[in-house]
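Visitor: 3D, please:
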Amino acid sequence: MRNLVDLNELIGKVFTSVVADDYEVIFENDKETYKLYHEQDCCENVEIEDICGDIADLVGVEIVVADEVSNISDEQIRVLEKKYDDSYEWTFYRFRTIKGTVTIRFYGTSNGYYATGVDFIKVR
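Guide: Residues are numbered from 1 along each chain as shown. Next up is the predicted model:
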């Protein structure tokens, strides 16, 4: 069972490790682990396309901003639910500390039937 949480839960937290690969970002400290990722399914692909900034800026200091911006609207979601054309979605995640800002861009494509959104979960 996935434990979905709001991205704002990161605000005020300090992490000892923040690691990103092509598909996920893991935020970790002594008490908690969070994961930003997409659970892949058939006929879709979601991956991290770009990281702007130094991910090390998110380690050892308090997160003061954590927000998300996506190109997909509620209306587009309703349209995609009715037809299964090829679709794409990009989502930007912006994190800010006193050290700097890091923006992580996920890009997802599918045949339109499968979701391409990114999940944020609390692992422990």
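
Visitor: ok, now which ones touch Asn8?
Guide: Applying CB atoms under 8 Å, 6 or more residues apart in numbering to Asn8 gives the contacts Ala66, Asp67. From N, CA and C alone the C-beta is placed, and that goes for glycine too.

Visitor: now with 10 Å?
Guide: Ile63, Val65, Ala66, Asp67, Glu68, Phe120 (CB atoms under 10 Å, 6 or more residues apart in numbering).

Visitor: Give me the buried stretch members for stretch 89-97, please.
Guide: Neighbour-count burial for stretch 89-97 flags Glu89, Trp90, Thr91, Tyr93, Arg94, Phe95, Arg96, Thr97 (criterion: 16 or more other CB atoms under 10 Å).

Visitor: of those residues, closest to Cys52?
Guide: Nearest to Cys52 among those is Arg94, at 9.2 Å by CB to CB.

Visitor: Nearest residue to the most centrally placed residue in the chain in space, please, no chain neighbours.
Guide: Centre of the chain computed as the mean C-alpha position; nearest residue by CA atoms, centre = their mean is Leu36, 4.3 Å away. Leaving aside its sequence neighbours, Leu36 sits nearest to Val25 (CB to CB, 6 or more residues apart in numbering; 4.3 Å).

Visitor: Turn the contacts of Asn8 into CSV, columns for secondary structure, distance to Thr109 and neighbour count.
Guide: Compiled in CSV, these are given as follows (DSSP: H, G, I helix; E, B strand; the rest coil; distance: CB to CB, whole Å; neighbours: other CB atoms under 10 Å):
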residue, secondary structure, distance to Thr109, neighbour count
Ile63, coil, 30, 21
Val65, strand, 28, 12
Ala66, strand, 25, 21
Asp67, strand, 23, 13
Glu68, strand, 19, 17
Phe120, strand, 20, 22
